[in-house]
Every structure is written in structure tokens, then in C-alpha cells.
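J.: show me how the following folds:
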Amino acid sequence: MAIFPAQKLSNLQNAMAYSYRKLAPFRNNRLSALKQYVGRRYGDNGAEAEVPMNLVELTINVYKQHLANTPSVLATTRPFELRAKANKLTLALNELIRRIHFGDTLEAVVMEAFVGLGIAKKGLDGSVQLEIEKQRHRGGMPFWDCVGLDNWVHDMTAKVFGNAQFMGNSYQIPYEDAMDSGIFGKAKDRIVKPGQCTLQETDQSLSGGDGPDRETLYDMIDLWDVWLPKEGVVVTFQSVGQGDDAFTGPALHAYSWKGPEQGMYRTLSFHPVPGNIMPLPPAALWMDMHELANRLFRKLGRQADRQKTVTGVRRAGVGDGDRIKKAADGEMVAMDDPNNVKEYKYGGISQETLAFLIHVRDLYSYMRGNLDSLGGLSAQSETLGQDKLLSESASQRIRDMQEKTENFATAEITDLGEILWYDPLIELPLIKRVPGTDITVPVNFAPNDRQDEYFNYDICIEPYSMRKHTPESRLNAIMQVVNNTVIPMMPLLQQQGIGLNVEVLLKTISKYARLPELEEILIFADPQIQSDQSVQSMSKSPTTTRNYVRRNVPGATRQGHDQLMQRLLMGGKLQASEAGSLTRSTG
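T.: Now for the predicted structure:
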């Protein structure tokens, strides 16, 4: 345990209190975005007003499909004699990723980057958080956690994170675990018994999990882990109060950092702001139009609620009014004077407001990089080829975010691999597949496999492994390869002894198209039992005549529908073909 001077601890805690106050607007904006994300019907502390058009939730989930998934890792090396070890390291890293649920944490970090700042924390030997986790789970694995902005502080006087003098996060552990663990040594006598919640309202308050009146099964204490890059030290102290007093607790633990040079934290952001350490969260760009669209939608809803139709009757024509009231639909009614009765309509939605709402929705999709195309929400053009081109063009906007996410994930996996490589106590049982067969062999990733330097190996994420693939997209990719590559090259493939396994292809189509009946309809017989005679008896196909008729059918897109509807709402007129397109599906 490293010694940390009392005066330096006091200076550190004062600096942390200052930076924590400066981060308050970012925490508040993050919480506001999360309240809009969950809407009004999530717990007791969601959005104050209804969110009938949740554009924030839509955007986050569309973007996450393109950014966050469990990656596949490949370790390579130049020295030929180390390639066998590189293959084993690849297996070990992918097994580690699976065990620590890397994909789930990456998704949480990406979402934090949308609404505030994405922060990941690695656990190493010497970390209080890691040691507590080891005692609970006996796993011996390093951990990789997402840190929310509510539980985070960094040096706000720095312009970039590389120059920050400190950064750290708060977390909770059971009081009994802290006292019994032996991690703190004699410093455990300075641990203050749990009291009220030490920090201000956090994201946990959305579901009622935070607040001064909460009740927990175990008494919990709040700790801060703080990384000091210049000193190469991690300091742990207790948080014992509220506001600035939360940074006045006693130092309990300190140790010299022996892990990756980057330290125990890494941040992910998408829109840096020159000269400022805090980035611009994408949600900050979404909120204004999201709130405007929902105000317009709520206004239209109120107008629709006020709409009513009444029948006015002159006092002299009450009899006519009674007869109309009692008459059935389509019934003929004798009236003394038709002018005695007249129908009146009041209220109703404003056509101009509805047209503006449609425009705001389309503008929001445009500003977010064409959400309809990115999310596959509706057809964007009249042909499949044009839709594909639009989708590829829309993805250009998100490609920069994908690159930043992949670089972040690669760097974190490299750091976790370094922890794994130099920890002499970690052994990983692995399964190795023999190439070209279905045979698997159990192997062990032991310390004697890690004798050379870790930096002899290059770690990379396999291309497209972080993209989410649906069964439909897999089936589409398979059919494109079969139709565009395999079938045209079939004569050449047959010369090389390569054939098409139609049985496997059909079973794959049945699986990915979710058509289990297909395997029951088709009979998969042994080709050897088919007689040559049956093949020879196949007659030549008769001559047939085919007539190809090409019909021009105008397509329909959601944007086209919206534009036509706006023209109608604003009093414009439509041509016959345009009016007909309103009845066609946008697919």
C-alpha cells in the first residue's frame, strides 16, 4: 500500500469538489435527456409531460444498432515462432470478452456517450473494487465497468483528458465487506458508518433506487477511486457527506499503478469541443427538436380533444330537432322547415400545426443522418437499388462514430489483454477447433504461455464484428453470394471439385427465414439411392414461349406521402397520379 500525504489528500479533495461543481450542468442535462428517453410512465421521476413522439429513444436505439455489439478479436504477430501463441491469445481474449460481458458494458458506455460522456473502468490487482468482486465471485477475472457521469469527476481545469491531473469514480460496497475484507488494514478504523445518501439526485432516482429515504438490505458505504496520472497512484477514500462534504472522507487505500499506461479509465465521445475537456453529447443536439415535436403533438392532441359536433335548433323548430334526434341513420324525416336545424362543428386540429409537425419530424430525421434509412423504418425510394444507395449514403454520417467506437473498444481490449497477460494467477480453459473439421480440443491459457512480451502482438477487432446481424441480413448476404458468385462460377467450381450443397442451403433458408415448415415440405434423400435410369429418363424440357411485360407502377415513400399531405393541409391541390400515390403502401 502506497503512502499518500494528508496535505496532498486535502488538496486533491478540494480540487475534486471544485470540478464536481463544474460538472453539475452536464449531469443535469444528462438526467434531463434520460427522463425524455424513458418518458412519463417510467417510475415516479420520468418526464414531467407526455412524450408521445419519443425521438430521443428512437435515435439512441437506431444508432446503437450500428455501434455497439460484442466484438470478435484477432491477435497477430510478425515473428513466425510466436504465431501459435498469437492464436492462443486470440482464443483467450475472446473468452475473456465473453466472461466479463464486454458487449453489454460497451453498449452501456456508448449510450452514456450519447447523453453525456462514455467512461469505462478497468479493475486491476490492488483495486478495492476488484478485490471485493473477487471475494464475492471467486472468479479471479479483471472487471470492465461502465461509469455514469453522476458517479464521476475529472480535472475540469484541463483542456484534454491527456492533461487531466486526476479522474475518479464513486461506487458502493457493503460496510461489512469493507470491514472484513482485510484490504484496508488498520485504515478500516477510520471508516465512517453509513448514513444518508451522500450525492445529489442521480439517474437511479428515475426508478426510485436513490434518495435520502431509501432502505437497503445491507448497510452501504460510498468510496471514491481516484487515478493520479503524474504520480502513477490510485487513491481510495470514503465519501461521508453531501455536496462538497462528500469529498472530505478519510483515505483508506492507495497503491502504485502497474497496469496499462493509459490508466484505469478511458473515455468515449463523438463530438469534441475545441479548447474544452467536455465533449458535446449528441443528445444535446436532439433535445430541442424532440421537445418542439412533442409540444406540437400535445397541442394537436388538446385540439382533437376539444373537437365536437353539435346540432343547433331554432326554438320554433324543436319538433324538427326531436324527429332528427330519434331518426335512424338513412331514415327519411318529415320536417316543417329544414332551416330550423343545422349542424355545427367546433374545435379540431389545426392543419397548419399538423403540417409544421410533419416538417419538424422530417427535418429531425434529416439532421440525424436520415434515421428512416439507418433504422430501416420505411422505404426511402421507389426501388430497392435506390434504397440501398440511400442507406449506404446515410451510413457515411455514422461511420465516424463507428470508427471512434471501434478504436475505443480495441484500445480497451488491448489493455484488458495486458492485464490478463501479466497476471500470474489467471488461467483460462479454452476450446480450440481443428481447422477444416468439427473436432475441438481443450487447451489451457496458462502463465507459461505468456513468457515473452505482450507488445509483440497486435490486437485488432475483426471487421464488421461489432455490427448487429439479423437473420434477415444474414440470409440476404448468403443469397447474394450464391446468386452473384457461386451460380455464375459453377462450371469453374465443378472443374475444381467444388459443388453447391443445396440441402444445407435450403435448411439455412428455412432457419433464417423462420420457415420450419420448409424442411417438412422438402424430402432430403440420399442421392446415392437415386437410380441412373430415373435421371436418364428425364425428357427434354418442352419448348416454351415467355412474354415479358414491363409495367410502370409509381412507387411510394413516407417522405412523398408527407410532402403531399403538407400540400393538402396548406390548401394546395394534387394531380390525379399524386392523389393515387397516397393510397399506396410505403412498404
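
J.: report pLDDT for the residue positioned nearest the centre of the chain.
T.: Centroid-nearest residue in the chain: K64, 3.0 Å away (criterion: Cα atoms, centre = their mean). Model confidence at K64, given as pLDDT, is 90.

J.: so which residues of the stretch 251-400 of the chain form helices?
T.: Ranges of helices in the stretch 251-400 of the chain, per DSSP state H, counting those that start in this stretch, are 282-306, 318-326, 351-367, 371-375, 384-422.

J.: can you put these in TSV and add mean neighbour count, distance to G259 and mean pLDDT?
T.: (Glycine included, C-beta is placed from N, CA and C.) As requested, the helices of the stretch 251-400 of the chain are exported to TSV (neighbours: other Cβ atoms under 10 Å; distance: least, Cβ to Cβ, whole Å; pLDDT from 0 to 100):
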stretch	mean neighbour count	distance to G259	mean pLDDT
helix 282-306	17	31	95
helix 318-326	14	83	90
helix 351-367	17	41	90
helix 371-375	21	37	79
helix 384-422	17	6	77
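
J.: can you lay out these as TSV showing distance to Y20?
T.: TSV is the format used below for those (distance: least, Cβ to Cβ, whole Å):
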stretch	distance to Y20
helix 282-306	20
helix 318-326	69
helix 351-367	33
helix 371-375	35
helix 384-422	25
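
J.: nearest to N444 among the ones you listed would be which one?
T.: helix 384-422 (13.5 Å; Cβ to Cβ).

J.: would you mind identifying the next helix or strand past the closest one?
T.: Next helix or strand after helix 384-422 toward the C-terminus (DSSP states H and E): strand 428-433.

J.: which helices and strands does that following strand pack with?
T.: helix 83-99, strand 440-445 (3 or more Cβ pairs under 8 Å, 6 or more residues apart in numbering; DSSP states H and E).

J.: weakest of the ones you listed in terms of mean pLDDT?
T.: Minimum mean pLDDT among the helices and strands packed on strand 428-433: strand 440-445, a mean of 87.

J.: in its sheet, what does it sit against?
T.: Paired neighbours of strand 440-445 in the sheet (DSSP bridges): strand 428-433 (antiparallel).

J.: so what's the residue count around K8?
T.: K8: 14 surrounding residues under other Cβ atoms under 10 Å.

J.: for it, helix, strand, or coil?
T.: The local conformation at K8, judged by DSSP: H, G, I helix; E, B strand; the rest coil, is helix.

J.: confidence score at it?
T.: The per-residue pLDDT reported for K8 equals 89.

J.: which stretches in the stretch 101-250 of the chain count as helices?
T.: Applying DSSP H, counting those that start in this stretch to the stretch 101-250 of the chain gives helices spanning 102-115, 128-137, 175-180.

J.: contacts only, for V235.
T.: Residues near V235 by Cβ atoms under 8 Å, 6 or more residues apart in numbering: F4, L9, L12, D225, V226, L228, A251, H253, A254.

J.: verify the stated contact: the fifth one with V234.
T.: Put plainly, it is V226. Yes - at 6.9 Å, V226 counts as touching V234 under the criterion of Cβ atoms under 8 Å.

J.: returning to that earlier point: nearest to I431, of the helices and strands packed on strand 428-433?
T.: I431 lies closest, by Cβ to Cβ, to one member of the helices and strands packed on strand 428-433: strand 440-445, at 5.1 Å.

J.: returning to that earlier point: for Y37, see how far away the residue nearest to the centre of the chain is.
T.: The gap separating K64 from Y37 is 12 Å, by Cβ to Cβ, to the nearest Å.

J.: same deal with A334?
T.: Separation of A334 from Y37 (Cβ to Cβ): 61 Å.

J.: endpoints of stretch 440-457, how far apart?
T.: End-to-end distance of stretch 440-457 (Cα to Cα, to the nearest Å): 25 Å.

J.: with Y218 as the reference, name the closest of the helices of the stretch 101-250 of the chain.
T.: Y218 sits nearest to helix 175-180 of all these, at 6.8 Å, using Cβ to Cβ.

J.: centre of the chain to the closest one, how far?
T.: In terms of Cα atoms, centre = their mean, to the nearest Å, the centre of helix 175-180 is found 36 Å from the chain centre.

J.: how about that helix: buried residues?
T.: For helix 175-180, the buried set under the neighbour-count rule, 16 or more other Cβ atoms under 10 Å, comprises Y175, D177, A178.

J.: and these as JSON lines, adding distance to D458 and pLDDT?
T.: Output for these, formatted as JSON lines (distance: Cβ to Cβ, whole Å; pLDDT from 0 to 100):
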{"residue": "Y175", "distance to D458": "45", "pLDDT": "88"}
{"residue": "D177", "distance to D458": "40", "pLDDT": "85"}
{"residue": "A178", "distance to D458": "41", "pLDDT": "85"}
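
J.: so which helix or strand of this protein has the lowest pLDDT on average?
T.: In the chain, no helix or strand scores lower on mean pLDDT, DSSP states H and E than helix 532-536, which sits at a mean of 46.

J.: count of residues packed around the nearest residue to G263 once chain neighbours are set aside?
T.: In space, G263 comes closest to W227 once its chain neighbours are excluded; the distance is 4.9 Å by Cβ to Cβ, 6 or more residues apart in numbering. Neighbours of W227 under the rule other Cβ under 10 Å: 21.

J.: quick one, what contacts the closest residue to G417 other than its chain neighbours?
T.: Take G417 and drop its neighbours on the chain: the residue closest to it by Cβ to Cβ, 6+ apart is L93, 5.3 Å away. The neighbours of L93, taking Cβ under 8 Å, 6+ apart as the test, are V73, A75, I413, L416, G417, L420, I459.

J.: which of those sits closest to F247?
T.: For these, the residue nearest F247 by Cβ to Cβ is L416; the value is 29.8 Å.

J.: burial count for P5?
T.: P5 - counted by other Cβ under 10 Å - has 9 other residues nearby.

J.: cool, and Q495?
T.: A count of nearby residues for Q495, using other Cβ under 10 Å, gives 8.

J.: ok so, going back, the helix or strand hosting the residue nearest to the centre of the chain: what's the following helix or strand?
T.: Secondary structure from DSSP H and E places K64 in helix 55-67. Counting by DSSP H and E, the next helix or strand C-terminal to helix 55-67 is strand 73-77.

J.: mind checking how far that following strand is from the chain centre?
T.: 26 Å.

J.: now it: buried residues?
T.: Buried residues in strand 73-77, defined by neighbour count with 16+ other Cβ under 10 Å: V73, L74, A75, T77.

J.: so can I have JSON lines of these showing pLDDT?
T.: Compiled in JSON lines, those are given as follows (pLDDT from 0 to 100):
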{"residue": "V73", "pLDDT": "91"}
{"residue": "L74", "pLDDT": "91"}
{"residue": "A75", "pLDDT": "91"}
{"residue": "T77", "pLDDT": "90"}
